[in-house]
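Trainee: Show me how the following folds:
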Amino acid sequence: MAAPKIRTLHDAVAELIHDGDTVAMEGFTHLIPFAAAHEVIRQGITDLTLVRMTPDVIYDQLIGAGLVRKLVFSWGGNPGVGSLHRFRDAVENGWPRPLEVDEHSHAGMANRYVAGASGLPFAVLRGYRGSEIASRTDTVSTVFCPFTGEELAAVAALNPDVTVIHAQQADREGNVQLWGLTGVQKEAALAAERVLVTVEEITDELRPRPGGVVLPSWAVTAVAEVPGGAHPSYAAGYSVRDNDFYQAWDAVSRDRDTFRTWLNEHVSVRTEEAAAR
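Mentor: As a prediction, the model looks like this:
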């Protein structure tokens with residue numbers, strides 16, 4: 001793979017994410033790549049299949065913008081607050097467009113990423129028994145262990161066209177480091193054809209950190225320096241979670257016109273500050 005190039009956020013999104021792509025935007029509680037999602041909205045990249053273990057406000061915004069045709073996920077909600085109202089409106093009422101869903105367990109989604117990162121067609125786990133999930137998707141099946149004869153669940157590998165994550169740091173060669181509460185960012189990146197990482201800062205050298213996750217440059221397609229790019233989530237060591245935003249989002253997202261107004265004021269209309277990113 002060619003050495004990753006440092007890009008502006010606009011150019012990185014335009015180059016790597018296309019209409020009809022399957023896109024994973026991962027991050028658990030923190031390091032959620034909101035700025036990249038907002039750039040997707042500004043560029044109007046549409047007909048997306050979005051993948052995420054825990055779609056929260058970031059995907060509520062993309063769904064409400066009418067850019068998503070399918071969601072692959074294992075849980076959805078506004079963490080600590082309640083429902084995702086743009087998500088619910090799309091599922092229940094087809095607004096602003098119908099939304100296809102492919103629901104899994106957390107373990108199933110994590111194992112799908114691992115299989116994709118490992119170059120395997122599927123993963124095997126003990127799960128899904130007693131639920132109706134397997135009857136509603138063609139990405140769950142069963143296999144029999146060749147050694148014990150035990151019947152196990154099999155989940156199809158996930159290989160996104162693009163994985164987008166946010167991290168704390170990258171060096172100028174494109175090596176990326178993230179730390180704190182991490183989820184499946186590494187697996188989602190290694191499973192993807194293309195990888196876009198937004199970072200708090202680009203440094204001359206990455207300092208090793210206990211428990212830190214390093215994505216080597218060969219696994220990263222493009223890096224964009226976007227300070228605050230995880231807001232309203234946070235980046236450990238750089239920012240704190242904007243709990244007020246998550247509370248306020250419940251009222252914003254309940255009403256279609258209120259949501260449209262918020263989108264136009266805060267995302268769709270580019271300010272000088274946003275353009276500078």
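Trainee: first to last residue in stretch 176-194, what's the distance?
Mentor: In stretch 176-194, first residue to last residue: 15 Å (C-alpha to C-alpha, to the nearest Å).
Trainee: Show me what whichever strand or helix holds Ala154 is in contact with.
Mentor: Assigned by DSSP states H and E, Ala154 belongs to strand 151-156. With contact meaning C-beta atoms under 8 Å, 6 or more residues apart in numbering, strand 151-156 is reached by 104, 108, 111-112, 115, 121-129, 134, 139-145. The way it works is simple: take the backbone N, C-alpha and C, and place the C-beta from them, glycine included.
Trainee: repeat that with 10 Å
Mentor: The contact list for strand 151-156, computed with C-beta atoms under 10 Å, 6 or more residues apart in numbering, reads 102, 104-105, 107-116, 121-129, 133-134, 137-145.
Trainee: As PDB, could you dump the C-alpha coordinates of it?
Mentor: Below are the C-alpha coordinates for strand 151-156, written out as PDB (Å, rounded to 0.1, in the frame of the first residue of the first chain):
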ATOM      1  CA  GLU A 151     -23.500 -26.400  16.500                       C
ATOM      2  CA  LEU A 152     -22.200 -22.900  16.600                       C
ATOM      3  CA  ALA A 153     -23.200 -19.500  15.200                       C
ATOM      4  CA  ALA A 154     -21.300 -18.200  12.100                       C
ATOM      5  CA  VAL A 155     -21.300 -14.600  11.200                       C
ATOM      6  CA  ALA A 156     -20.200 -13.200   7.800                       C
END
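Trainee: Let me see the mean pLDDT of it.
Mentor: Confidence for strand 151-156, expressed as mean pLDDT, is 96.
Trainee: Stretch 134-143 too?
Mentor: Mean predicted confidence for stretch 134-143 is 92.
Trainee: ok, now how distant is the closest residue to Cys145 other than its chain neighbours from Asp19?
Mentor: Closest residue to Cys145 apart from its sequence neighbours, by C-beta to C-beta, 6 or more residues apart in numbering: Leu152 at 6.1 Å. Distance, Leu152 to Asp19, by C-beta to C-beta, to the nearest Å: 37 Å.
Trainee: okay, the two: which has more neighbours?
Mentor: Leu152 (17 against 11; other C-beta atoms under 10 Å).
Trainee: what kind of secondary structure is the residue lying closest to Ala222 once chain neighbours are set aside in?
Mentor: Computed as C-beta to C-beta, 6+ apart, the closest residue to Ala222 that is not its neighbour in sequence is Ala12, at 4.4 Å. Assigned with DSSP: H, G, I helix; E, B strand; the rest coil, Ala12 falls in the helix class.
Trainee: neighbours of Ala12, just the number please.
Mentor: 25.
Trainee: swap in Ile165?
Mentor: A count of nearby residues for Ile165, using other C-beta under 10 Å, gives 30.
Trainee: what do you get for Arg241?
Mentor: Neighbours around Arg241, by other C-beta under 10 Å: 18.
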